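*Asks:* Quick one: sequence plus predicted model below, questions after.
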Amino acid sequence: MGCLGCGCLAVIVIFLGFVGLVGAGTYFLFKNIYIVSAATPETIAPYTGTDDVYTGAQKKITSFNDDVAASKTSTLTLSSDEVNALIYHNVDLKKANAQALVTLDGDQARVQASIASNSIPFINLGVKDRYFNLDATTGISFNPDTKDIDFQFHKVQIGDISVPATSMESLQTNFSQQFNLKLHQDPAMSKVLDAAKTISIKDGQFVVETK
């Protein structure tokens, strides 16, 4: 992804991980992923921010990446509007026919998203011309020793089906393992993770702090 290449960790953590890997995790829980798909995409409020919000977010990311490259201590903070601006302008997400609205509140993120089944690898082999509509709320934490991002799901609903509380822990574990594996396989993301001291959602902001 273009955003991944420039180190846009927020979009990867909050959006792609949810839509792709939660969908895969739900398959293991319900054994039939077709039942959580829908014939039409969910209606999600469109992004209405200005180009200035996107430009400002890009400047923050560029400055942060420069600091990481120079081994300088740095902090990246992104608001809900800035995260949504990055999602809206991401070419790869548009190609995937994906849409999302992110709301950062306190130490949690709510993601309302929709993606076409045809755009999800492996799932598209068995589920054609359907949509996965997601409404999920989570917290995140960062392990400075393993350099992994862990999720604390509070709600995961795909279509009309909610993941039961008894299955939430196993979904979190499965999701986090797959998600971190993908992050560490990417050189640009691995560099950011290696430099990170904390990655969190704090006071309604997505925050990455380096050493």
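*Replies:* On my side now, so go ahead. Numbers count the residues shown, from 1 in each chain.

*Asks:* pull the helix or strand with minimum mean pLDDT from the chain.
*Replies:* Lowest on mean pLDDT, DSSP states H and E among the helices and strands of the chain sits helix 2-5, with a mean of 44.

*Asks:* name the helices or strands packed onto the helix or strand containing residue 166?
*Replies:* Assigned by DSSP states H and E, residue 166 falls within helix 165-185. Applying 3 or more C-beta pairs under 8 Å, 6 or more residues apart in numbering; DSSP states H and E, one finds that helix 165-185 contacts helix 23-30, strand 148-158, helix 187-195. C-beta coordinates here come from the backbone N, C-alpha and C atoms, glycine included.

*Asks:* Ends of stretch 74-88, what's the gap?
*Replies:* 26 Å (C-alpha to C-alpha, to the nearest Å).

*Asks:* buried sites along that stretch?
*Replies:* Neighbour counts using 16 or more other C-beta atoms under 10 Å place 74, 76, 78-88 of stretch 74-88 among the buried residues.

*Asks:* Check stretch 158-166 too.
*Replies:* 158-159, 163.

*Asks:* cool, stretch 113-123 as well?
*Replies:* 113-117, 119-120, 123.

*Asks:* Filter the residues you listed down to just the ones in helices.
*Replies:* residue 123 (DSSP state H).

*Asks:* Among the buried residues of stretch 113-123, name the ones in strands.
*Replies:* Using DSSP state E to define strands, the subset of the buried residues of stretch 113-123 located there is 113-116.

*Asks:* Quick one: the helices and strands packed on helix 165-185 as TSV, columns for mean pLDDT too.
*Replies:* Shown next, in TSV, are the helices and strands packed on helix 165-185 (pLDDT from 0 to 100):
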stretch	mean pLDDT
helix 23-30	56
strand 148-158	89
helix 187-195	86
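
*Asks:* what's the closest of those to residue 66?
*Replies:* Nearest to residue 66 among those is helix 187-195; the distance by C-beta to C-beta comes to 12.1 Å.

*Asks:* which helices and strands sit right next to the helix or strand harbouring residue 206?
*Replies:* Per DSSP H and E, residue 206 falls inside strand 205-210. Contact analysis of strand 205-210 by 3+ C-beta pairs under 8 Å, 6+ apart lists helix 9-11, helix 51-69, strand 75-78, strand 196-202 as its packing neighbours.
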